[in-house]
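Novice: Predicted model and sequence below, questions to follow.
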Amino acid sequence: MNANRYVEGLLRAALDTRGWSWPDKAVIEPPKDRKFGDISANVAMLLAAQAKKAPRQVAEDLAADLAQAPDVASAEVAGPGFLNVTLAPGFWRRVLPEILSQGEAFGSSTVGAGRKVQVEYVSANPTGPLHIGHGRGAALGDSLSRILAKAGFDVEREYYINDAGRQMRLLGTSIWVRLQQAQGRPVPDPEDFYRGDYIRDLAAEVLAKYPDILSRPEAEAVDLCYEYGMNAIMDGIKKDLSDFRVGHDVWFSEKSLLAEGLVDKTFAFLKDRGLAFEQDGAFWFKTTELGDDKDRVLRKSSGELTYFASDIAYHDHKYRRGFDMVVDIWGADHHGYVPRMQAAVEALGRKGCLHVILVQLVNLLKGGEQIAMSTRAGQFETLRDVIDEVGADAARFMFLSRKSDSKLDFDLDLVKQKTMDNPVYYVQYAFARICSVRRKAAEQDLAPAEAEPAALALLDTAEDLELLQHLARFQDTVEAAARSYSPHLVSYYLQELASTLHKYYTLHHVLSADRPLCRARLLLLDCVARVLRNGLDLLGVSAPESM
RNA sequence: GUCCCCGUAGCUCAGUUGGAUAGAGCGAUAGCCUCCUAAGCUGUAGGCCACAGGUUCGAUUCCUGUCGGGGACACCA
């Protein structure tokens, strides 16, 4: 049962019969302080002018109407005109049969209305292994996709592979140089190339695969190095993501954009609309006309395309695929890129259809001491090392417990600890505890009660009610997380639910209660476990049955 | 210099399209296992929501400015 919607329905009906129209800024939500009831509404204050009455009088009128509804225990007026509604316990108990019948679908909704959303995340250049910063973006994108799908959006998850351009040539050259050096050729390190140890490993693998490579023409050799290196690194990235339980539906190649001539089409389109021009031998996009502070180059005077050029074509391609909304997850260091990308989207006629999430830096610590993030192979800088060190569950939960626009301190020692500084175990433990009770109950041949009024009525303590109300709030939480692109709301919800469960567990012994009460409580715990599992699943974190 | 993000308890952070007496964990401190997992529970202490104005019935939330921390400002990717 969705309490907010139930009360809103009652209020709308009351307003209708009184001939008042629904105020835009009406908010119906649980109040911060429980003593103000279950649900609080501010409509009376907003209606005062329209009703030509004092806010408190309007509230009194509405309270009288609400009090007629069967599930309303009380409706009171407080403060300047707040309407505080308390619902009957029977209302809250109805959430249990709902959870049982919906199972893993519980919490889903239709607010997305099937609208097509694309979420693009990670999209790291295949020039080296993923690092911990990529991990944060990966966890965020993956979890956000799950949440959006749960909220009824039609979600596609995508990884954009920058497999064209300078960086890729640099990768080929880097491997080629290392390969020659390993074979004793006196080749100096170029000014600009990749220095990580993994390049030497790749060089050795290339040599093993193409023993005659040293005798081939340089250009061909570099190509072989590039090709092999990119594929090998991409395979490694896919393996890392998969072990981090991060999925993508589409791996989109930048090269394919160029091959299909989409960049040229985009250029022509912009030129037709008077938004592009030639100057100093380069081709420019007039982004200043669309809110950017500087025009941007699409094709350099050297003839090379900038990344921006293919990014515009890429986004055009996204919208042509039918997405109503595109979410891009980028590192915060790309924030300067946002205005020009928004300008491009506007030029494409899709203003408002791009949402960019900037993920702030991850500060890697160990025992409170900062670990320098050098480009050389350090101790724990790669995502792989982090997964091996602390596990995917702990790492994901940590990433997803912060707003994306806050910097994140990721302390390896802390994340391994089993304390509330590391809440993943707190939530998982709540689930494991319930599983343990279930096992013990099964040994005593005790099964959960059927979700029938007689059994439900036994769940009558303050702690029962608190759990029921929390369960009923799950769907709202998912919707809020989807609406604001904020998986961390789910993380906080789960910590609160776990806390409520732990308190319940301590106060109300399940197995020693008399048989009907015990079975009713088992039913309740079953439902809590279900919601914990559904919530953890949205974060991509496992729900272990024992710890 | 211009722009973006952040500034809430000693520490790490929440605070739901502006709501009532600002929350949680950690740390500190005092308690709770003959009983379903103590990876847990309960109590206490701890705050000028960086600062100053503005908008309004009402601001931690929105606007402007100041201070402090971080980042971005290429015909780089």
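Specialist: Cool, the structure landed.

Novice: List the buried residues in whichever strand or helix holds residue A:427.
Specialist: Using DSSP states H and E, residue A:427 sits within helix A:424-443. The neighbour-count check on helix A:424-443 (16 or more other C-beta atoms under 10 Å) flags A:424-435, A:437-438, A:441 as buried. Heads up, the C-betas are built off the backbone N, CA and C, glycines and all.

Novice: So which of those residues is the closest to residue A:381?
Specialist: Residue A:381 lies nearest to residue A:424 out of the buried residues of helix A:424-443, by C-beta to C-beta, at 21.9 Å.

Novice: who's in contact with the nearest residue to that closest one once chain neighbours are set aside?
Specialist: Setting aside the residues directly before and after it, residue A:424 is nearest to residue A:397 in space (C-beta to C-beta, 6 or more residues apart in numbering), at 3.6 Å. By C-beta atoms under 8 Å, 6 or more residues apart in numbering, residue A:397 lies in contact with A:422-424, A:427, A:491, A:539, A:541.

Novice: Then residue A:76?
Specialist: A:37, A:63, A:83-86.

Novice: what subset of these is also close to RNA strand B?
Specialist: residue A:84 (C-beta under 7 Å from any atom of the strand).

Novice: Quick check: phi and psi at residue A:73.
Specialist: The phi/psi pair for residue A:73 (degrees, to the nearest 10) reads phi -80, psi -40.

Novice: hang on, it packs against residue A:87?
Specialist: Yes: here residue A:73 reaches residue A:87: they are 6.1 Å apart, a contact under C-beta atoms under 8 Å.

Novice: For these two, indicate the residue with more neighbours.
Specialist: Each of residue A:73 and residue A:87 has its neighbours counted (other C-beta atoms under 10 Å); residue A:87 has more, 23 against 15.

Novice: who's in contact with the residue nearest to residue A:288 when sequence neighbours are not counted?
Specialist: Distance criterion C-beta to C-beta, 6+ apart; nearest residue to residue A:288, sequence neighbours excluded, is residue A:295 at 5.5 Å. Neighbouring residues of residue A:295 by C-beta under 8 Å, 6+ apart: A:284-288.

Novice: Which ones, among the contacts of residue A:397, also lie beside RNA strand B?
Specialist: For RNA strand B, the contacts drawn from the contacts of residue A:397 by C-beta under 7 Å from any atom of the strand are residue A:423.

Novice: So of the contacts of residue A:397, which two are at opposite extremes in space?
Specialist: Within these, A:422 and A:539 form the most distant pair, 14.2 Å apart (C-beta to C-beta).

Novice: What parts of the stretch 351-500 of chain A come near RNA strand B?
Specialist: Contact residues (C-beta under 7 Å from any atom of the strand) of the stretch 351-500 of chain A with RNA strand B: A:358, A:360-361, A:401-403, A:405-409, A:418-421, A:423, A:425-426, A:429, A:432-433, A:435-437, A:440, A:476, A:480, A:484, A:486, A:488-489, A:492, A:495, A:499.

Novice: So which of these sit within strands?
Specialist: A:358, A:408-409 (DSSP state E).

Novice: Which one of the residues you listed sits in the busiest neighbourhood?
Specialist: Neighbour counts for those (other C-beta under 10 Å) peak at residue A:408, which has 19 neighbours.

Novice: Downstream of the helix or strand bottoming out on mean pLDDT in chain A, the next helix or strand is which one?
Specialist: None of the helices or strands of chain A scores lower by mean pLDDT, DSSP states H and E than strand A:369-370, at a mean of 73. Of the helices and strands lying after strand A:369-370 in sequence (DSSP H and E), the nearest is helix A:383-390.

Novice: Okay, buried residues for that following helix please.
Specialist: A:383-387, A:389-390.

Novice: got it, and stretch A:480-499?
Specialist: For stretch A:480-499, by 16+ other C-beta under 10 Å, it's A:480-482, A:485-491, A:493-495, A:497-499.

Novice: try stretch A:534-547
Specialist: Applying 16+ other C-beta under 10 Å to stretch A:534-547 flags A:534-543 as buried.

Novice: wait, which of the residues you listed is closest to residue A:28?
Specialist: Of the buried residues of stretch A:534-547, the one sitting nearest to residue A:28 (C-beta to C-beta) turns out to be residue A:535, at 23.1 Å.

Novice: any idea how far that closest one lies from residue A:139?
Specialist: Distance from residue A:535 to residue A:139, counting by C-beta to C-beta, to the nearest Å: 15 Å.

Novice: Also residue A:353?
Specialist: In terms of C-beta to C-beta, residue A:353 sits 25 Å off from residue A:139.

Novice: Can you check the pLDDT for the residue nearest to residue A:288?
Specialist: Residue A:295 carries a pLDDT value of 90.

Novice: ok, the closest residue to residue A:508 other than its chain neighbours - how many residues close by?
Specialist: Distances taken as C-beta to C-beta, 6+ apart place residue A:463 nearest to residue A:508, at 6.2 Å, with adjacent residues excluded. Neighbour count for residue A:463, taken as other C-beta under 10 Å: 17.

Novice: try the one 4 residues further on
Specialist: Per other C-beta under 10 Å, the neighbour tally for residue A:467 reads 26.

Novice: in the helix or strand it falls within, what's buried?
Specialist: Here residue A:467, judged by DSSP H and E, is contained in helix A:462-472. Within helix A:462-472, the residues scored as buried using 16+ other C-beta under 10 Å are A:463-472.

Novice: what about residue A:273, how many residues close to it?
Specialist: Neighbours of residue A:273 (other C-beta under 10 Å): 13.

Novice: Against residue A:423, how distant is the residue nearest to it when sequence neighbours are not counted?
Specialist: Spatial nearest neighbour of residue A:273, excluding adjacent residues (C-beta to C-beta, 6+ apart): residue A:347 at 6.8 Å. Going from residue A:347 to residue A:423 by C-beta to C-beta gives 44 Å.

Novice: Shouldn't residue A:326 be within a helix?
Specialist: No: per DSSP: H, G, I helix; E, B strand; the rest coil, residue A:326 lies outside any helix segment and is strand.
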